[in-house]
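Engineer: Build me a model:
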Amino acid sequence: MTTSLCLKCGILKGGALNECPSCEHAPLDWQAATAFTDHYLTESELGQLGRAIQILSKVDVDDETRYQAFVYFVARKWPKILEYGIEEVDSELATILDSIYRTHLVSLPSQQSLQLRSPEWEDESWLHAGTSEFQIEEDAWKEGISNIVQYGLNTAHAVVTLKIEIGEGAVLQKLAWRTRNAINHTDFSAAAQRIDPLIADSAEYKRLVKRYQAPVVNGWSGQSKKRSAYLGGTYVRLEEMAKLCGRLIRHKAGIESLIPLEVERVKQELKFSYATYISLVELVLCPEKITCSTTEGD
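Structural biologist: Residues are numbered from 1 along each chain as shown. Model prediction:
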C-alpha cells in the first residue's frame, strides 16, 4: 500500500485517501494528498515534511492559516513538490505566513534532490505482480472486489433515498417533495430512526473493506495496490455521507440544532462526499481508468 503523509498531524500512514489512524483526518484535496506519498518522495523526505506539520500544530493560528503556512514552507524549502504564488495572497496573510516560516520553520532541512521519484506505474510492475504466486493471489482478489463494492452501493442508495425523502434531493426532487409535504408533512423523527441503521451499515462496510484490503502486499501490481487504496477511500466517503445525512435529519427533527451556516456547510460536505464516493467507486470497478494521469489520489 502507498505510504503517505497525513497533512493534519504529520505522521506516515497507509493510502493517500485513507483516514489517518492517529488523528482520523480524511483528506479532501486528492491532488495534495497524492503529492505527499512515496510515489514521489522517499519515506525519509515524508518524515522531514511531517516534522514541519508537527511544529505547526503547536503554533497558535487557525487550521486554514496553519495549512497555508505548511504550503508556504514546502514552496520555499521543497520547490520540486509545488510552487506557491505568494504574490496572489492577501498581503496581511502573506506577512503572517512569512513570519511563521522565519520563526518556526526556516531551520528545517530542505530538499536534497531536484527530482521527484518516478511512480511505479512507469514500469511493468504497474500491471503485473512480481511473481506467479502473487499473480494468482491478486487475480482471485480482483474477482471478489465487485461484491464488496455492491454492499457499499446498497447503503449509499439507501442514504440518498432518505436524503431525497427529507427534501434534500436535486431541484426537481425538491419541488416534488414540497408538493407532497404540503399535503402530508414529512415525519422527520421517523427518518431520524431510519438513518441510524444506515450509519451502522456504513461502519460495517468499513470493516469489510479493511478486511478485504488486508491481503494486498507489495508484490502485487501497482494498479491493484492503487485500486485497493481507492477502495479504502470509498468507505471514508460513505461513512461521511451517512453521518452528514444524519445531522441534517436530526436538525429537521429538532433533535440537533444547527445554525443556518452550519446547515449549508453540512449540505456542501454531503454533496462533496457523495461526488467523491461515486468517482472512487467508478475507479475501483473500472481499473483501466487508473493510470499515471488519474487525478484522484489513492
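Engineer: May I see the buried residues of stretch 33-47?
Structural biologist: 33-41, 45-46 (16 or more other C-beta atoms under 10 Å). C-betas here are computed from N, CA, C, even on glycine.
Engineer: same check, this time on stretch 10-23
Structural biologist: By neighbour count on 16+ other C-beta under 10 Å, the buried set for stretch 10-23 is 10-20.
Engineer: Same check on stretch 150-163?
Structural biologist: Buried residues in stretch 150-163, defined by neighbour count with 16+ other C-beta under 10 Å: 152-153, 155-156, 158-160, 162-163.
Engineer: returning to that earlier point: out of the buried residues of stretch 33-47, which is nearest to residue 100?
Structural biologist: Nearest to residue 100 out of those is residue 36 (C-beta to C-beta; 19.3 Å).
Engineer: list the contacts for that closest one?
Structural biologist: Applying C-beta atoms under 8 Å, 6 or more residues apart in numbering, we find residue 36 in contact with 4-5, 7, 16, 46, 49, 81.
Engineer: again, but for residue 256
Structural biologist: Taking C-beta under 8 Å, 6+ apart, one finds 247, 250 in contact with residue 256.
Engineer: Quickly name whichever of the contacts of residue 36 is closest to residue 235.
Structural biologist: Set against residue 235, the nearest of the contacts of residue 36 by C-beta to C-beta is residue 16 (14.6 Å).
Engineer: check contacts around the closest one.
Structural biologist: Contact analysis of residue 16 by C-beta under 8 Å, 6+ apart lists 2, 4, 27, 30, 33-34, 36-37, 229, 297-298.
Engineer: Pull the most distant pair out of the buried residues of stretch 33-47.
Structural biologist: For the buried residues of stretch 33-47, and using C-beta to C-beta, no pair is farther apart than 33 and 45, which are 15.8 Å apart.
Engineer: what's the neighbour count on residue 211?
Structural biologist: Number of residues near residue 211 (other C-beta atoms under 10 Å) recorded here: 10.
Engineer: same check, this time on residue 285
Structural biologist: 16.
Engineer: Tell me the pLDDT of it.
Structural biologist: If you check residue 285, the pLDDT there is 93.
Engineer: And the longest helix belonging to the chain, how far out from the chain middle?
Structural biologist: Determined from DSSP state H, the single longest helix within the chain is helix 132-165. Offset of helix 132-165 from its chain centre (C-alpha atoms, centre = their mean, to the nearest Å): 18 Å.
Engineer: Nearest to residue 200 among the buried residues of stretch 10-23?
Structural biologist: Nearest to residue 200 among those, with distances taken as C-beta to C-beta, is residue 19, at 18.0 Å.
Engineer: so who does the closest one touch?
Structural biologist: Counting by C-beta under 8 Å, 6+ apart, residue 19 touches 25-26, 236.
Engineer: Same question for residue 287.
Structural biologist: Listed by C-beta under 8 Å, 6+ apart, the contact set of residue 287 reads 223-224, 227.
Engineer: And for stretch 201-214, what's in contact with it?
Structural biologist: 1, 141, 144-145, 148, 151-152, 155, 158-159, 228, 231-232, 234-235, 238-239, 241-243.
Engineer: Show me what counts as buried in that stretch.
Structural biologist: So for stretch 201-214, counting by 16+ other C-beta under 10 Å, buried means 201-203, 205-206, 209, 212-213.
Engineer: following the helix or strand where residue 64 lies, which helix or strand comes up?
Structural biologist: Using DSSP states H and E, the element containing residue 64 is helix 63-77. Remark: after helix 63-77, the chain's next helix or strand is helix 91-100, criterion DSSP H and E.
Engineer: Out of the contacts of residue 36, give me the one that has the most neighbours.
Structural biologist: residue 16 (31 neighbours).
Engineer: Which pLDDT value goes with residue 181?
Structural biologist: pLDDT, residue 181: 60.
Engineer: To clarify, my last question referred to residue 290.
Structural biologist: 80.
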